[in-house]
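> 3D, please:
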Amino acid sequence: MDEKGPAELLDVRSDDDVVRARRAAREVAITAGLRLVDQTKFITAVSELARNMTRYAGGGEIALAIVRDGGRRGVEATFADQGPGIEDVERAMRNGFTTGNGLGLGLGGAKRLVHEFRIDTAPGSGTRVTVIMWG
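Next up, the predicted model:
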């Protein structure tokens, strides 16, 4: 990645904060010039990951930024929490896996929606997920 613009930081602790994160994701995606279908995918991924962060880690912080790589322009969202971490990432990424009452589409679904997906987690050390959608 050649360049990253200034990040908008969002503290996410509640369902209302998830709604704010969706709005902020939409604004940054529009500013970056993403097509409507890519805006929708990015917003959905942000929503799923923010909801997971509130549900399983008690909340955390999201950083939204416009990124550039050569001639490409896109949006990046980084989710960081101090929750319990994920014991088995491979299992957590599978469709249908859930430790709660959800559908189990959060992590795996978010990964399928975006162009790039990175996760860094370990039991007891929180989780950091970064997603990028290129325009």
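
> contacts only, for V46.
For V46, the contacting residues are A21, R22, A25, I62, L64, A77, V131, by C-beta atoms under 8 Å, 6 or more residues apart in numbering. Every residue, glycine included, has its C-beta placed from N, CA and C.

> so it is in which element?
Here V46 sits within helix 36-57, counting by DSSP states H and E.

> which of the contacts of V46 has the most neighbours?
Most neighbours among those, by other C-beta atoms under 10 Å: A77, with 29 neighbours.

> what is the mean pLDDT for the host helix or strand of it?
Element membership of A77 [criterion: DSSP H and E] is strand 72-81. On average, the pLDDT along strand 72-81 is 97.

> so E61 belongs to a strand, correct?
Yes. Assessed by DSSP: H, G, I helix; E, B strand; the rest coil, E61 belongs to a strand.

> what's the closest of the contacts of V46 to S125?
Nearest to S125 out of the contacts of V46 is I62 (C-beta to C-beta; 18.6 Å).
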